[in-house]
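Chemist: got a predicted structure here, sequence first:
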2 protein chains.
Amino acid sequence: MAVTIKEVAKLAGTSAAAVSATLNGSRSKNIRVGQVTRERIYAAAAQLGYLSNPVARSLATGKSKVIGVMLPYVEAFTDHNPFCAQVTNGILQEVVRRHYNLMLYTGAWMNGAQSAMMVDSRVDGVILVLPQPDSPVFLKCESRHIPYVSILRDQLAGTWTVNSDDYEGGRLATDHLIRQGHRRIAHFLGDDNVSTTIPRMEGYKAALRAAQMPIDSSLIFKAGFDWRGGYASAQALLSMPNGTRPTAIFAANDLCAEGAMRAFREAGRSIPEDLAIVGYDDTWFATMTQPTLTSVRMPIEEMGALAVQMLVDRVEGRDVPEHHPVLPVSLTVRASCGAKRAETPPDNAIHAFINEDNHHVK
Amino acid sequence: MAVTIKEVAKLAGTSAAAVSATLNGSRSKNIRVGQVTRERIYAAAAQLGYLSNPVARSLATGKSKVIGVMLPYVEAFTDHNPFCAQVTNGILQEVVRRHYNLMLYTGAWMNGAQSAMMVDSRVDGVILVLPQPDSPVFLKCESRHIPYVSILRDQLAGTWTVNSDDYEGGRLATDHLIRQGHRRIAHFLGDDNVSTTIPRMEGYKAALRAAQMPIDSSLIFKAGFDWRGGYASAQALLSMPNGTRPTAIFAANDLCAEGAMRAFREAGRSIPEDLAIVGYDDTWFATMTQPTLTSVRMPIEEMGALAVQMLVDRVEGRDVPEHHPVLPVSLTVRASCGAKRAETPPDNAIHAFINEDNHHVK
DNA sequence: CAGAACTGATTAAGCGATTCATCACGATTC
DNA sequence: GAATCGTGATGAATCGCTTAATCAGTTCTG
């Protein structure tokens, strides 16, 4: 049905090898094609409408020019949290720039069948987004010698990871609230099974310590990344007696912060007067809340792009030593903590305290 | 490096053909394998850790079990509008259910190189999300005989499409506002190049006509799908003299509605008292605005899933006649149009006016 | 001026599956 | 008892492309 290399060769009066070398830029120095033949081949290919067959090439070379992306759950894009969507976008852009293709997988870290389906000869390497630590997917990759890079995972030796500086993010957010004069600052934790939760809390504690403020574990709530968690934890806060109640919250993410704001709003409190709040991720949603939300910005797209770069380097055999980049975070100050009134973002959102140290070690 | 069918055959003491038929369920009735041999093959495969090579299979069979998805722009997921993310999610889930794989493409409808890259032997069929009408991608698919299904595209003969009932959506939204007693209702249009824009406007007009209300083209604004467009158009509305100013808006989507609400809020007006508003898409964002937003729900995930079903049916040679399903819409009533006060959605969001006719013809 | 080096090109052997054509052989049928 | 049939299995061709091995000339080089 489709035009093959042989038909082009016949029309051009040359061999298939010459056509292959000419049209699909061979790496072998053994086979050379002169100007004249080359021209004839181009003409023949154009005349027949030849398009090379990547499947056949894959089989012959053992390389597919496809990289796989494994997302944590099937609803990764419908989920209200834009993280997966944004990271995929960063990955996709870099994949296109590098002339690779992207195969999208999903279906739980613990699903062996899905892992096996992903880790097959169709992909040259895979990117694991928010992998669960004990997933069988790691073993699958290793046994098939498929290189992989994890995004947001503990920096285990022997694996490549891309992370963001969660510790510094927590510190930045908390420090900002301290500078606004707050003395009782609550922290709403993210989910247990995500590697970012602990370092962010450590950053929070470090900032308190640096300001010689006490660390009160009763001010640390398990809220999770959904707005409901923020809402519930904020209600718990509201039920605390005046005087003991924190005047500020460092929330797990923007959605969680919105939940908290909602609870305070419904209780008739106003923000930032009665409550200062800082979110995390700095998604577009932070510009849509009322008041607009101060948030820690994590370079999500860049993390995706970096993972692709590291992966492609390895796939193409460039001898890169294992490394664990930690991307810098910054704080986007908006109206929710009273530092500044910014009513028509995102244009006048300002970035402060930019941390350029991207080799921070927890 | 990897274990092949031949090695399994050797260990099991049979032929490669027998192994192929046993392990990868052959469709050919010519080749049969008995229980005993079958068992030996299973044992050998398990012992060697054999995994079949999909690339080789693709080459031999001409089928890849991969379907491609082309998104309209690179930022499709980062874009504030969750449409692409949601439709991709619906597609992905159905693709997994059908034991296919998903290759993700992007990069502008008018980019011939990208189209060519997508429409190659690696995919059995493609889904085009919001394709631009004159894109070269259609010709590419046709010349390579690759079946495709478009999501949200004019129902051209000779192509398969999946649409939602935009006309009815527009009618429903407008009718709801009319029932609330509004006599001057503005419509904020979506983008020109999207096929949903006109039918929604037609639905809007039809509802007005049915209520014997005049159609005033000065109340129809080109706002687009971004919140800025809604914001700007609402400002135009605000500058209209009292009495002539519409008391309600049917907005292009949820984001656009939020922009409009923002403009009214900043002008010190309150919603729904001074302005009733209905959004479109009913994304999660509609539950996050203040007040929560009444919105037309479009079954986005289902549209993605349906596209996959139609495509797979064709890829697998089931003889399906061309058809153009139009999925029903419904109205999710929340607080933004005063019909009902719902302060803690989405749990108490109610669906009304559900349209079961999915063969509505514009 | 013989051997080396370079240029231009071909042949053929894979890559790892699938599948068609074929065959051996015991059981059934006429 | 010859023809037919069903079962179990194999060998070899094939899918479209890459690439190692090879070769025929031509041009340097010492």
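Modeler: Now that the structure is in, tell me what you want to look at. These numbers come from a predicted model, not from an experiment.
Chemist: for the stretch 51-200 of chain A, which spans come out with low pLDDT?
Modeler: Filtered on pLDDT under 70, the stretch 51-200 of chain A yields the residue ranges A:79.
Chemist: go with 90
Modeler: By pLDDT under 90, the weakly predicted segments of the stretch 51-200 of chain A are A:72-86, A:106-121, A:132-136, A:139-140, A:143-144, A:154-158, A:192-194.
Chemist: where do the strands sit along it?
Modeler: With DSSP state E, counting those that start in this stretch as the criterion, the stretch 51-200 of chain A has strands at A:66-70, A:101-105, A:125-129, A:148-151, A:160-164, A:185-189.
Chemist: minimum distance to DNA strand C: which of these has it?
Modeler: Closest of the strands of the stretch 51-200 of chain A to DNA strand C is strand A:66-70, at 16.1 Å (criterion: C-beta to the nearest atom of the strand). Where C-beta positions appear, they are placed from N, C-alpha and C, glycine not excepted.
Chemist: now do that closest one: which elements does it pack against?
Modeler: Applying 3 or more C-beta pairs under 8 Å, 6 or more residues apart in numbering or on different chains; DSSP states H and E, we find strand A:66-70 packed against helix A:83-97, strand A:101-105, helix A:112-118, strand A:125-129, helix A:300-315.
Chemist: quick one: residues contacting residue A:82.
Modeler: A:281, A:283-285, B:77-78 (C-beta atoms under 8 Å, 6 or more residues apart in numbering or on different chains).
Chemist: would you format the residues you listed as a markdown table with neighbour count and distance to residue B:184 included?
Modeler: Below are the contacts of residue A:82 laid out as a markdown table (neighbours: other C-beta atoms under 10 Å in any protein chain shown; distance: C-beta to C-beta, whole Å):
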| residue | neighbour count | distance to residue B:184 |
| --- | --- | --- |
| A:281 | 26 | 41 |
| A:283 | 25 | 36 |
| A:284 | 18 | 32 |
| A:285 | 24 | 32 |
| B:77 | 25 | 38 |
| B:78 | 22 | 37 |
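Chemist: which one of those residues sits closest to residue A:317?
Modeler: residue B:77 (30.6 Å; C-beta to C-beta).
Chemist: before we move on, back to that, dump the contacts of residue A:82 into TSV; add distance to DNA strand D as well.
Modeler: Output for the contacts of residue A:82, formatted as TSV (distance: C-beta to the nearest atom of the strand, whole Å):
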residue	distance to DNA strand D
A:281	42
A:283	42
A:284	42
A:285	46
B:77	32
B:78	34
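Chemist: from those, which is closest to DNA strand C?
Modeler: Nearest to DNA strand C among those, counting by C-beta to the nearest atom of the strand, is residue B:77 at 34.1 Å.
Chemist: give the contact list for that closest one.
Modeler: Shown in contact with residue B:77 (C-beta under 8 Å, 6+ apart): A:77, A:82, A:85-86, A:88-89, A:92, B:84-85, B:88.
Chemist: what two of the residues you listed are the furthest from one another?
Modeler: A:82 and A:92 (14.5 Å).
Chemist: which stretches in the stretch 151-300 of chain A count as helices?
Modeler: Ranges of helices in the stretch 151-300 of chain A, per DSSP state H, counting those that start in this stretch, are A:166-179, A:197-210, A:227-238, A:254-266, A:300-315.
Chemist: which elements pack onto the last one?
Modeler: Meaning helix A:300-315. strand A:66-70, helix A:83-97, strand A:125-129, strand A:148-151, strand A:160-164, strand A:326-327.
Chemist: rebuild those as CSV, extending it with mean neighbour count and distance to DNA strand C.
Modeler: Shown next, in CSV, are these (neighbours: other C-beta atoms under 10 Å in any protein chain shown; distance: least, C-beta to the nearest atom of the strand, whole Å):
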stretch, mean neighbour count, distance to DNA strand C
strand A:66-70, 26, 16
helix A:83-97, 23, 25
strand A:125-129, 26, 18
strand A:148-151, 25, 21
strand A:160-164, 25, 25
strand A:326-327, 20, 38
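Chemist: among the ones you listed, which is nearest residue B:194?
Modeler: Checking the helices and strands packed on helix A:300-315 against residue B:194 by C-beta to C-beta gives helix A:83-97 as the closest, at 20.2 Å.
Chemist: which residues are contacting that closest one?
Modeler: Contacts of helix A:83-97 (C-beta under 8 Å, 6+ apart): A:67, A:69, A:71-72, A:76-77, A:101-102, A:104, A:127, A:129-130, A:151, A:281, A:283, A:300-305, A:307-309, B:74-78, B:85, B:104, B:106-107, B:114.
Chemist: distance between stretch A:13-32 and the chain's centre?
Modeler: In terms of C-alpha atoms, centre = their mean, to the nearest Å, the centre of stretch A:13-32 is found 40 Å from the chain centre.
Chemist: state the mean pLDDT of stretch A:12-30.
Modeler: Stretch A:12-30 shows a mean pLDDT of 85.
Chemist: quick check: end-to-end length of it?
Modeler: Across its full length, stretch A:12-30 reaches 21 Å between end residues, using C-alpha to C-alpha, to the nearest Å.
Chemist: re earlier: go through the helices and strands packed on strand A:66-70 and name the closest to residue B:217.
Modeler: helix A:83-97 (37.3 Å).
Chemist: give me the angle between the closest one and strand A:160-164.
Modeler: Orientation of helix A:83-97 against strand A:160-164 (axes from the mean of the first three to the mean of the last three C-alpha atoms, to 10 degrees) gives an angle of 120 degrees.
Chemist: what angle do helix A:83-97 and strand B:101-105 make?
Modeler: Using the same axes, to 10 degrees: helix A:83-97 against strand B:101-105 is 70 degrees.
Chemist: on that earlier part again, distance to residue B:38 for the strands of the stretch 51-200 of chain A - can I get that in TSV?
Modeler: Below are the strands of the stretch 51-200 of chain A laid out as TSV (distance: least, C-beta to C-beta, whole Å):
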stretch	distance to residue B:38
strand A:66-70	32
strand A:101-105	31
strand A:125-129	33
strand A:148-151	35
strand A:160-164	41
strand A:185-189	54
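Chemist: now the ones you listed in a markdown table, with distance to DNA strand D?
Modeler: A markdown table is the format used below for those (distance: least, C-beta to the nearest atom of the strand, whole Å):
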| stretch | distance to DNA strand D |
| --- | --- |
| strand A:66-70 | 15 |
| strand A:101-105 | 15 |
| strand A:125-129 | 18 |
| strand A:148-151 | 24 |
| strand A:160-164 | 25 |
| strand A:185-189 | 51 |
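Chemist: since that was my last question, I'll sign off now.
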